[in-house]
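Student: sequence first, then the predicted structure:
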Amino acid sequence: MGRSWVMVVAFTGCYAPAVPSEVPCGANDACPGGQVCDHGRPVPTCVDQTGDAGMQGGFDAEQVTIDAPAEDPLPTGAVMRLRFDDDPTDGVLDSQGMHVATCANATCPALVMGVVGGAYQFSADHVEVDDAADLRSSGGFTVAAWIQIETSATQEMMLVCKEYFMLAESYALSLTGANNVRLRFTGPNGALTGPLVVTRNVWHHVALTWDGSAVRLYFDGAPNGQMQQVPLLFDNGKLQIGACHGAQSFAGSIDDVQVYSRALDAAEITELAN
């Protein structure tokens, strides 16, 4: 099922001249059938309920309903989907699972246009998700998202990070100072940097998979590096989007963050990117 937003559009201006069917209100605001007494006029006047009755005090409010994008069918194993279509100040909706996602700071990311629907524009702020068992699957997982930067990175910036003990990370999907996508993790040889480079002002799809042993990076649906025999370590650290342990903040936009409890294959990643 798709969701809907409600937008209130306000118009201000002068009153239209009274039409012949409009008459002054009678005693106790009495009006002919189907009309109401408008006290916003210089002289209280009977008007049609569907006409000028809303223009009291020079203000007319019209409610407009906008349909949010319908939920796309996802590959099996999806446990979280943050579409970033909703106002983050009201809480961040997980349309796939029951995870609680909130703004971590006093300020929230800005709601902007995304790949489909909305996206969050980050700048020294981030979103965090409470730990849950399905966010630390020991048998494998996938993390995927759309990202966009407006200026080139000058230092490493965090996209999605699963926190670990003592300011480390179970895993962190990041963007290097050279605009390459990188995986960081706690353990031997704890980094894998993809060769493909993010272009400014272009939406790119990035993904990380781990099958319990091998990690693989994907960029716009194409393979972007892999490493074998990687033992990832998990504890009850939070999942952060746009930072890691509240630092190395991402400057740019992120859309449609998805987490799966298994490693998607290359064809499934390509389908997500398309």
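Tutor: Here it is on my side, so go on.

Student: chain neighbours aside, what residue packs nearest to residue 30?
Tutor: Leaving out its chain neighbours, the residue that sits closest to residue 30 by CB to CB, 6 or more residues apart in numbering is residue 37, at 7.8 Å. C-betas here are computed from N, CA, C, even on glycine.

Student: please list all residues in contact with residue 110.
Tutor: Residue 110 makes contact with 120-121, 123, according to CB atoms under 8 Å, 6 or more residues apart in numbering.

Student: any quick ChimeraX command for the buried ones out of these?
Tutor: Filtering the contacts of residue 110 down to the buried ones (16 or more other CB atoms under 10 Å) takes a single ChimeraX command:
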select :120,121
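
Student: tell me which stretches of the stretch 1-150 of the chain form helices.
Tutor: With DSSP state H, counting those that start in this stretch as the definition, the stretch 1-150 of the chain shows no helices.

Student: any stretches of it with poor pLDDT?
Tutor: 1-22, 27-28, 34, 39-43, 49-72 (pLDDT under 70).

Student: and the strands in it, which stretches?
Tutor: Along the stretch 1-150 of the chain, counting by DSSP state E, counting those that start in this stretch, strands occupy 4-12, 35-38, 45-48, 59-67, 78-82, 101-103, 110-113, 118-122, 127-129, 141-148.

Student: how about the next helix or strand after the last one: buried residues?
Tutor: Spelled out, that is strand 141-148. Next along the chain after strand 141-148, taking DSSP states H and E as the criterion, comes strand 157-164. For strand 157-164, burial by neighbour count (16+ other CB under 10 Å) applies to 157-164.

Student: where's the residue lying closest to residue 274 once chain neighbours are set aside relative to residue 195, distance?
Tutor: Leaving aside its chain neighbours, residue 274 sits nearest to residue 221 (6.4 Å; criterion: CB to CB, 6+ apart). According to CB to CB, to the nearest Å, residue 221 and residue 195 sit 15 Å apart.
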